[in-house]
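> The sequence and its predicted three-dimensional model are supplied below.
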Protein chains: 2
Amino acid sequence: MKKSFGANTLIYPTPVWCVGSYDVHGRPNVMTIAWGGICCSKPPAVTISLRKNRYTYDNIVGRGAYTLSVPGENHAAEADFFGIASGKKTDKFKTTGLTPVRSDIVDAPYVAEFPMVLECKVIHTFDIGAHTQFVGEILDVKVDESVLDADGKPDIEKIRPIVFSPEASRYHTVGRMIGEAFSMGKSLNSSRKQPTDEIG
Amino acid sequence: MKKSFGANTLIYPTPVWCVGSYDVHGRPNVMTIAWGGICCSKPPAVTISLRKNRYTYDNIVGRGAYTLSVPGENHAAEADFFGIASGKKTDKFKTTGLTPVRSDIVDAPYVAEFPMVLECKVIHTFDIGAHTQFVGEILDVKVDESVLDADGKPDIEKIRPIVFSPEASRYHTVGRMIGEAFSMGKSLNSSRKQPTDEIG
């Protein structure tokens, strides 16, 4: 039996990403979001959703750019703080001791200490309701060399990104590997075509 | 030092959600996506991104509705299969032995055996590029009673949703709880205001 929870933003997993932006005075700010996701492969693009009253909202509108810094689980407290405090009143970099780095590609800063960074140029802005969705074209992805695997690819088990669970409002780690995508389902249908290895 | 990976849809974590839809003949289909996320709180809404050549694309355009069924890790192989096979040629429910249930709220089916289901009505369709983004208003969330906690709320540790990691193209479990959101960052700034408990 399934229990009904009504009209609700309740689904798992959701991400924990930190949005970097500059304000009108050129001060770096960073806020944490869980409402977002990849939305296109060509151009590579990612969406984030913000309320209009967020300090970051005006920053992104003003500069047409943002970064996403992916915190490792060792920075969960800092990421949580980035979602609690407002850049209107607080220099969140100063308070946490983390370092803003100016992107050389887009007009936005990222968090030096976080292992993975996306630099994004706004290509669409969609008002959905309480939240506005910014679609950012991903111009570069940068990953710490210390979290790459033996083949030089990003290793999720070294990056240790954080999962947010709505309703319970908790952070979780990413756990063990289950299997290979576009592979572990093959045995269910011997007559299927070659997998396309395309998402969506 | 950070290594540059260029313009790429590379970020963690991304979800594993199965999109349920009816085709023009009324046959239930289901496909797996990782490109999507919550995009608004009021109205509660979630986006999914699909290529136009996907069988599900025409289904969603035709019915203006879809469901998201969240597979538990025990159904990772079936979820992977749903992303490999096409509903054009394959009855994916029949092949996997899973059960399509007609939503009584929207014109789409969901997967009975998966522990969490969202029923969505399309309110926006945005062409981004290779992918089209459907924004679905979440009309109801249904969760198996067997995966609720002692307070009757959904328990991510019982639902056991799946995390997808792009590039490596692997599935992972959700791991241990790190801490409470809107709480574990408080100690970093004693002068902060009350947290708003609002996402984005």
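That came in fine, so what should we check first? Numbers count the residues shown, from 1 in each chain, chains lettered A, B, ... in the order given.

> How about residue A:121: what's its closest non-neighbour residue?
Leaving out its chain neighbours, the residue that sits closest to residue A:121 by Cβ to Cβ, 6 or more residues apart in numbering or on different chains is residue A:137, at 5.0 Å. Where C-beta positions appear, they are placed from N, C-alpha and C, glycine not excepted.

> Could you check which helix or strand contains the one you found?
Counting by DSSP states H and E, the element that carries residue A:137 is strand A:131-144.

> and residue A:37, what does it touch?
With contact taken as Cβ atoms under 8 Å, 6 or more residues apart in numbering or on different chains, residue A:37 is in contact with A:15, A:46-47, B:14-15, B:35-37, B:47, B:49.

> Now do it against residue A:200, distance only.
Between residue A:37 and residue A:200 the computed distance is 11 Å (Cβ to Cβ, to the nearest Å).

> what sits in contact with each of these two?
Listed contacts common to residue A:37 and residue A:200 are B:35, B:49; contacts here mean Cβ under 8 Å, 6+ apart.

> how deep is residue A:38 tucked in, by neighbour count?
One way to gauge burial is a neighbour count; for residue A:38, by other Cβ atoms under 10 Å in any protein chain shown, it gives 28.

> Residue A:58 belongs to a helix?
Yes - assessed with DSSP: H, G, I helix; E, B strand; the rest coil, residue A:58 lies in a helix.

> In strands only, show me the contacts of residue A:37.
Judged by DSSP state E, the subset of the contacts of residue A:37 located in strands is A:15, A:46-47, B:14-15, B:36-37, B:47, B:49.

> residue nearest the centroid of chain A?
A centroid search over chain A (Cα atoms, centre = their mean) returns residue A:17, at 3.3 Å, as the residue closest to the centre.

> quick one on the thing from earlier: relative to residue B:112, which of the contacts of residue A:37 is nearest.
residue B:15 (20.1 Å; Cβ to Cβ).

> can you pull the contacts of that closest one?
In this structure, residue B:15 makes contact with A:11-14, A:37, B:34, B:36-37, B:70, B:161-164, judged by Cβ under 8 Å, 6+ apart.

> Identify the bridge partners of it.
Listed by DSSP bridges, the beta-bridge partners for residue B:15 are residue B:163.

> same thing with the one 5 residues further on?
Judged by DSSP bridges, the bridge partners of residue B:20 are residue B:30, residue B:67.

> So what's the residue count around the closest residue to residue A:144 other than its chain neighbours?
When the adjacent residues along the chain are set aside, residue A:144 lies closest to residue A:115, with 4.4 Å between them (Cβ to Cβ, 6+ apart). A count of neighbours around residue A:115, defined by other Cβ under 10 Å, yields 26.

> and if you look at the one 10 residues further on?
Under the neighbour criterion other Cβ under 10 Å, residue A:125 is assigned a count of 12.

> Thanks again, I'm all set now.
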